[in-house]
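1. Predicted coordinates and the sequence they were generated for:
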Amino acid sequence: MLFYPPKQREEVNPKLLQQEFFIKGNYEELKDFVYNGEQLKLEEDQWKELLTEWQFYILREKGTERAFTGKYYLNKEEGVYVCSGCGLPLFLSETKYPSGSGWPSFFAPIQKENEPPRIREALDTSYGMFRMEILCSRCGGHLGHVFPDGPKPTGLRYCVNSASIFFIPKKK
């Protein structure tokens, strides 16, 4: 059974933003952030206290938003998208493209030289399908799925739930 709250919300719980582990910064700081491979380990009851009900459903229970309903689907602002569970910078706006799929889509995650991947993949066989799930490497939060039908240069489409990311705009 699918769960959809009365009003879908992608906001981050202010209590989560106050946590020491949540990576904070402006656009420049987050764009230049280097991931050291650190993994965040919290119990599910801790996540329940820190995430909104909708974010918990998406990030921890591997839920999905309805197509064309997410806050960032049509976002065209310049900035960086971070994991809404831990703040790890995941995607730059320059890699976002209009896939027509109904979810924010990116052709590549942020990947600095000599750093571990910020996104890990796992086989997802739910609903009788074979897909590659994408998860935040730092907190293990479910982001969405990756498909081999994206544009050049990677040919990949990282299809991401808006509730699993938080947008930090580049201020001019």
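-> Sure, I can see it.
2. residue ranges with poor pLDDT in the chain?
-> Along the chain, the parts satisfying pLDDT under 70 run over 1-10, 172.
3. Do a quick rundown of the helices in it.
-> For the chain, helices defined by DSSP state H occupy the ranges 14-17, 27-31, 44-50, 53-55.
4. The first one packs against which elements?
-> Yep, that's helix 14-17 we're talking about. Using 3 or more Cβ pairs under 8 Å, 6 or more residues apart in numbering; DSSP states H and E, the elements in contact with helix 14-17 are helix 44-50. For the C-beta atoms, the positions are set from N, CA and C on the backbone; glycine is no exception.
5. ok, now the longest one?
-> If contacts are counted by 3+ Cβ pairs under 8 Å, 6+ apart, helix 44-50 sits against helix 14-17.
6. so how far is the helix it packs on from its chain's centroid?
-> Helix 14-17 sits 17 Å away from the centroid of its parent chain (Cα atoms, centre = their mean, to the nearest Å).
7. same check, this time on stretch 71-78
-> On Cα atoms, centre = their mean, the centre of stretch 71-78 falls 13 Å from the chain's centre.
8. what about that stretch, start to end distance?
-> End-to-end span of stretch 71-78 (Cα to Cα, to the nearest Å): 15 Å.
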